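**Q** Task: produce atomic coordinates for the following.
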Amino acid sequence: MTKPSNVLIFKTAVLESMKELGRLPLWWYTTGLKQTFGKLLHSVAESVRYFGVDVWSKNLFVPMYGDASITGRLISFIVRFFVLLARSLGVLLWTVVAGILAVVYVFLLPVSVIGFVSHLIGVL
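**A** As a prediction, the model looks like this:
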């Protein structure tokens, strides 16, 4: 059995790299975009669970410490409303960050290619 020559190995590596480089934009804007957006949407849904917004909203009108008086219900509602508001702000901020990350993902490949080409032109 003969060993492949270094030239053949180099040629195969270069050709395979060129094929993968040509497929990159197709993957980036199809499968990669779908996976990235799916993960970002999942993280936003998980942030609702992490901050407990669903639990706090379900218990908004439940009196705290079993105090069913009018004053107890009013204080309980006000406290839970402001806690729910603060936790919802956390979810909103993470949603904005996830949206920014999605936009960055969409524009990252073209900006990288433009930067690479302009740097290459500057070097040559």
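
**Q** C-alpha from now on. contacts and neighbour counts both.
**A** OK.

**Q** Centre-most residue in the protein?
**A** By Cα atoms, centre = their mean, the chain has its centre lying nearest to residue 40, at 3.2 Å.

**Q** Sticking with the closest residue in space to residue 63 that isn't next to it in sequence, tell me its helix or strand.
**A** With sequence-adjacent residues excluded and distances taken as Cα to Cα, 6 or more residues apart in numbering, residue 63 is closest to residue 73, at 5.0 Å. Following DSSP states H and E, one finds residue 73 within helix 70-123.

**Q** So which other helices or strands are in contact with that helix?
**A** helix 6-29, helix 31-51, helix 53-58 (3 or more Cα pairs under 8 Å, 6 or more residues apart in numbering; DSSP states H and E).

**Q** List the contacts of the residue nearest to residue 63.
**A** With contacts defined as Cα atoms under 8 Å, 6 or more residues apart in numbering, residue 73 is in contact with 61-64, 67.
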